[in-house]
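Colleague: Whatever this is, show me its structure:
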Amino acid sequence: QVQLVESGGGLVQAGASLRLSCTASGRTFSSYFMSWFRQAPGKEREFVAYISTGLRQYYAYAESVKGRFTISRDNAKNTVYLQMNSLKPEDTAVYYCAAAQAFRSYSRANDYDYWGQGTQVTVSS
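Modeller: Just a heads-up that it's a prediction; the model follows:
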């Protein structure tokens, strides 16, 4: 069982930056494929960013955040990060981190085994 706890959300103005953190319990964090998703009011949960396991890491981003968001992980700290720059009002959402024990697809929420409780990000114009 893995427990995920997100932090770092807040209220910022358009153009600002935030860094979200997601810390996992357990000893096997390095073996989990990790992603960030977000859900805006009245909308479905959507994929944001993905990072693989292993020494040679692979990344994937939603088109809407490419070039602005960066996902990274620190296995020694059991933590995955989402650096968000040049934030826009349309980035406003609850952001969730998710962990998968085995890779299936990186963008489908149903393929993830564990979820955090979410952290609110609000970007004002």
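
Colleague: show me the contacts for Phe69.
Modeller: Val48, Ala49, Tyr61, Leu82, Gln83, Met84, Asn85 (Cβ atoms under 8 Å, 6 or more residues apart in numbering). Placement of C-beta: from N, CA and C, glycine included.

Colleague: Surely the last one is in contact with Arg68?
Modeller: What that stands for is Asn85. Yes. At 5.2 Å, Asn85 counts as touching Arg68 under the criterion of Cβ atoms under 8 Å.

Colleague: Would you mark the buried spots in stretch 94-107?
Modeller: Buried residues in stretch 94-107, counted by 16 or more other Cβ atoms under 10 Å: Val94, Tyr95, Tyr96, Cys97, Ala98, Ala99, Ala100, Tyr106.

Colleague: swap that for stretch 62-75, please
Modeller: Residues of stretch 62-75 classed as buried: Ala62, Val65, Phe69, Thr70, Ile71, Arg73 (neighbour count, 16+ other Cβ under 10 Å).

Colleague: what pairs with the fifth one across the strands?
Modeller: With DSSP bridges applied, the residues forming beta bridges to Ile71 are Leu82.

Colleague: And the pLDDT for Ala102?
Modeller: According to the prediction, Ala102 has pLDDT 89.

Colleague: meant to ask about Thr28, not that
Modeller: Taking Thr28 on its own, its pLDDT is 88.

Colleague: before we move on, the earlier item: could you work out the most separated pair of the buried residues of stretch 62-75?
Modeller: Farthest apart among the buried residues of stretch 62-75 by Cβ to Cβ are Ala62 and Arg73. That separation is 18.0 Å.

Colleague: Can you name the residues that contact the closest residue to Ser72 other than its chain neighbours?
Modeller: Spatial nearest neighbour of Ser72, chain neighbours left out: Tyr81 (4.9 Å); criterion: Cβ to Cβ, 6 or more residues apart in numbering. Residues near Tyr81 by Cβ under 8 Å, 6+ apart: Arg19, Leu20, Ser21, Cys22, Ile71, Ser72, Arg73, Asp74.

Colleague: again, but for Phe47
Modeller: So Phe47 contacts Ser35, Phe37, Ala62, Tyr106, Ser107, Arg108, Ala109 (Cβ under 8 Å, 6+ apart).
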